[in-house]
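A.B. asks: Structure for the following, please:
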Amino acid sequence: MAAFITPSRLASLKQLRCSIFQTSYNPQSLRTGAKYLRRRLRGPSMVGYYPESFDIPQIMRQNKWLEMVDEDEEERLMDIVDRKKRGKGTPKKAKTPEESRRLTKRR
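C.D. replies: All right, here's what the predicted structure looks like:
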């Protein structure tokens, strides 16, 4: 009895079944990436895996009674002082137009 069913009728039956059950009709069995699209998203679980970052200087500002020392900031300030001693610091801001270097530039 199954010998009387033609391949074209089987294909149309499969197409009708896919439209009813809302699945993709892929008669050539091409790669579509559907299994990756059906898969559960990784993003939310990956975000939950890593702890929330915290800012040490912000904690120090909020809790002055802890009397913590930010070593990186202390080192940065010492570097600035050393650069100023060698004359490599940032230039002073001009308070008047006469002090400005742009106005004294030759054309």
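
A.B. asks: right, and the secondary structure at the residue lying closest to residue 34 once chain neighbours are set aside would be what?
C.D. replies: In space, and not counting its chain neighbours, residue 34 is closest to residue 24: 6.1 Å by Cβ to Cβ, 6 or more residues apart in numbering. Where C-beta positions appear, they are placed from N, C-alpha and C, glycine not excepted. With DSSP: H, G, I helix; E, B strand; the rest coil as the basis, the three-state label of residue 24 is coil.

A.B. asks: Now the host helix or strand of residue 16: average pLDDT?
C.D. replies: Following DSSP states H and E, one finds residue 16 within helix 7-21. The average pLDDT for helix 7-21 rounds to 93.

A.B. asks: export it as CSV, just CAs?
C.D. replies: Extracted in CSV, the C-alpha atoms of helix 7-21 (Å, rounded to 0.1, in the frame of the first residue of the first chain):
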residue,chain,number,x,y,z
PRO,A,7,7.4,11.3,-3.7
SER,A,8,5.7,14.5,-4.8
ARG,A,9,2.7,13.7,-2.5
LEU,A,10,5.1,13.0,0.4
ALA,A,11,6.8,16.4,-0.2
SER,A,12,3.5,18.3,-0.3
LEU,A,13,2.4,16.4,2.9
LYS,A,14,5.7,17.4,4.6
GLN,A,15,5.2,21.0,3.5
LEU,A,16,1.7,21.1,4.9
ARG,A,17,2.9,19.5,8.1
CYS,A,18,5.6,22.2,8.5
SER,A,19,3.0,25.0,7.9
ILE,A,20,0.7,23.5,10.5
PHE,A,21,3.3,22.9,13.2
